[in-house]
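K.L.:
Next come a sequence and a model predicted from it.
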Amino acid sequence: MNHTSAMPENTIYARIGDAKDLFAQHGEQLAENLVSELLGSGQNSAAPSDPKSHVAGVAARFSAMINASSPAAFNDCLNDHVLANAVTGLSTDQLVLAYHKVATNCATLAARSKGGASIADAARCLLMSDMGSLISARQNVLSEHRSASEIQSMSEIIERETDNIISEVGFQAGRTNDVAQAMEADASELSQLVERITATTEIASSNVATVASATEELQASSHEIAERIHKTNDIAGQAVTRAQETSNTMGSLSETATEIGKVVDIVKRISDQTKMLALNATIEA
């Protein structure tokens with residue numbers, strides 16, 4: 001990958017040759033200067049976490065770039081950077097400022113030599129190419145970290161969702177078990193209810209038969225009662241007739257009694273007169 005698209009690589013490669021002697025003489029010093037500006041001076045080059053441990057790698061990188069045998073070889077040097085992981089906490093502005101200070105130091109060193117301006121310009125081109133490579137490599141590391149972080153976050157989300165699903169499935173399974181037990185109890189109650197309904201149906205069937213029999217008996221009794229009522233009506237009619245006859249007889253008897261009363265009255269008057277005559281006769285005697 002070409003990280004120096006702002007300037008044709010063959011032009012950069014041609015120009016950095018003027019700085020070969022400068023980096024050959026002061027490459028390690030410039031490397032230490034760059035690491036110090038980016039990460040601090042450090043104390044122990046053997047400790048991986050110490051800034052000083054990166055100096056040798058940066059110096060070797062400068063040497064490979066300045067001694068590249070072709071533009072392609074130079075371009076290969078820009079594909080990665082030894083400080084990519086170390087500078088992920090720095091901003092682009094901080095990187096630019098650090099390289100600017102190293103370029104200024106190169107200009108100071110170049111001023112001591114003949115053709116200092118050309119040497120300083122060549123050194124600046126090399127440093128700017130290296131800076132572009134570092135910025136690109138750092139971005140790749142950040143993207144990888146971000147992707148890893150996103151994957152981790154996604155994994156945590158998936159894990160939480162999986163736990164939630166498992167919990168929900170367990171809860172639903174418990175509810176299903178409860179429902180199954182409730183349905184079993186309902187089925188038992190329903191079975192008992194069916195048995196009671198069956199027994200009630202048998203009783204009702206027996207009662208229907210009894211009612212049918214009673215209905216037949218009632219129907220027979222109704223016929224008998226009707227006949228008796230008919231006979232009673234006949235008897236009542238006869239009684240009315242006899243009562244009428246009795247009434248007529250009583251009327252005749254009443255008339256006879258009246259006549260008898262009249263006769264008795266006559267007899268009584270005759271008796272009274274007889275008594276008066278007898279009394280008068282007695283008095284006269």
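P.N.:
Ah, there it is.
K.L.:
alpha carbons only for contacts and neighbour counts from here, please
P.N.:
OK.
K.L.:
Mean confidence (pLDDT) on the helix or strand containing A120, please.
P.N.:
Secondary structure from DSSP states H and E places A120 in helix 116-284. For helix 116-284, mean pLDDT is 75.
K.L.:
Next: stretch 32-42.
P.N.:
88.
K.L.:
Check which residues of stretch 266-278 are buried.
P.N.:
Of the residues in stretch 266-278, none count as buried by neighbour count, 16 or more other C-alpha atoms under 10 Å.
K.L.:
chain center to it: distance?
P.N.:
How far stretch 266-278 lies from its chain's middle: 133 Å, per C-alpha atoms, centre = their mean, to the nearest Å.
K.L.:
Convert the C-alpha atoms of that stretch to PDB, please.
P.N.:
Extracted in PDB, the C-alpha atoms of stretch 266-278 (Å, rounded to 0.1, in the frame of the first residue of the first chain):
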ATOM      1  CA  ILE A 266    -164.400 -23.900  61.700                       C
ATOM      2  CA  VAL A 267    -164.300 -26.800  64.100                       C
ATOM      3  CA  LYS A 268    -162.800 -24.500  66.800                       C
ATOM      4  CA  ARG A 269    -165.500 -21.900  66.300                       C
ATOM      5  CA  ILE A 270    -168.200 -24.600  66.500                       C
ATOM      6  CA  SER A 271    -166.600 -25.900  69.600                       C
ATOM      7  CA  ASP A 272    -166.500 -22.400  71.100                       C
ATOM      8  CA  GLN A 273    -170.100 -21.900  70.300                       C
ATOM      9  CA  THR A 274    -170.900 -25.300  71.800                       C
ATOM     10  CA  LYS A 275    -169.100 -24.400  74.900                       C
ATOM     11  CA  MET A 276    -171.000 -21.100  75.200                       C
ATOM     12  CA  LEU A 277    -174.300 -22.900  74.700                       C
ATOM     13  CA  ALA A 278    -173.400 -25.400  77.300                       C
END
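K.L.:
ok, residues contacting it?
P.N.:
By C-alpha atoms under 8 Å, 6 or more residues apart in numbering, no residue outside stretch 266-278 reaches it.
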